[in-house]
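# I'd like to go over a predicted model; first the sequence, then the structure.
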Amino acid sequence: MELSLKMKQLKFLLILLLASSCQYFNTEKISSDTFYEEKIKTINWEQVDGYPAFSNCEQFTEKKEQKQCFETTLSRHIYEFIESKNLISHSDINSTVQLNFTISNTGEIASLDIVIDSLLRQKFPLLEDWLTESIDSLPTLEPASKEGVPVETKFTLPVLIQAEKTTY
């Protein structure tokens with residue numbers, strides 16, 4: 001009988017111990033909205049984790065290399081396109097055209113704005129059309145990413161237009 005009483009006391013003590021220690025196992029639950037809001041606060045929206053990439057740039061994993069490959073490929077494509085038009089000038093030209101554009105989160109180039117000074121526009125009235133064509137003919141792009149999610153990015157690309165006077 002004494003053993004039965006000790007067993008009952010031991011069971012009671014064990015139940016009491018388990019019931020009182022459960023509070024140590026409780027974790028505070030946070031809602032997904034709260035988690036999302038806290039995560040959003042920590043993200044620097046002015047920088048991307050990965051730059052847009054042409055197929056020849058996909059092997060680069062470092063952000064600096066990605067950016068350099070993107071800019072080099074883009075510039076080379078534009079210069080080769082413009083060079084194929086065989087511009088002829090009767091005076092020396094040293095001017096900069098500014099291309100402002102957006103690459104969407106699907107890799108499409110949109111919102112192209114071309115800033116050309118009036119003298120250059122007068123000498124080469126088709127230059128803006130050619131620049132637009134060169135952008136439109138770019139190879140497929142993978143969009144920039146932030147936290148593993150494709151994001152829209154805005155770029156400004158200066159294009160230097162230089163020509164020496166051609167004489168016949």
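Received, thanks.

# Let me see the ranges of the strands in the protein.
53-54, 93-103, 109-115, 141-142, 144-146, 149-151, 153-163 (DSSP state E).

# roughly how far is the first one from the heart of the chain?
In this case it means strand 53-54. 11 Å (C-alpha atoms, centre = their mean, to the nearest Å).

# Check which residues of stretch 83-90 are buried.
Residues of stretch 83-90 classed as buried by neighbour count (16 or more other C-beta atoms under 10 Å): residue 87. C-beta coordinates here come from the backbone N, C-alpha and C atoms, glycine included.

# same thing with stretch 123-140?
Those buried within stretch 123-140 under the rule 16+ other C-beta under 10 Å are 123, 124, 127, 128, 130, 131, 134, 135, 138.

# got a markdown table for the strands of the chain, with mean pLDDT and mean neighbour count too?
As requested, the strands of the chain are exported to a markdown table (pLDDT from 0 to 100; neighbours: other C-beta atoms under 10 Å):
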| stretch | mean pLDDT | mean neighbour count |
| --- | --- | --- |
| strand 53-54 | 90 | 20 |
| strand 93-103 | 91 | 16 |
| strand 109-115 | 87 | 13 |
| strand 141-142 | 92 | 20 |
| strand 144-146 | 87 | 20 |
| strand 149-151 | 89 | 15 |
| strand 153-163 | 87 | 14 |
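
# I'd like those as TSV, with distance to residue 77 appended.
Listed next are these as TSV, based on distance: least, C-beta to C-beta, whole Å:
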stretch	distance to residue 77
strand 53-54	9
strand 93-103	12
strand 109-115	12
strand 141-142	11
strand 144-146	18
strand 149-151	22
strand 153-163	11
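
# Go through those and name the closest to residue 63.
strand 144-146 (10.3 Å; C-beta to C-beta).

# Could you give the bridge partners of the closest residue to residue 120 other than its chain neighbours?
Counting by C-beta to C-beta, 6 or more residues apart in numbering, residue 95 is the residue found nearest to residue 120 once chain neighbours are left out, at 4.7 Å. Partner residues in beta bridges with residue 95, using DSSP bridges, are residue 161.

# No more questions from me, cheers.
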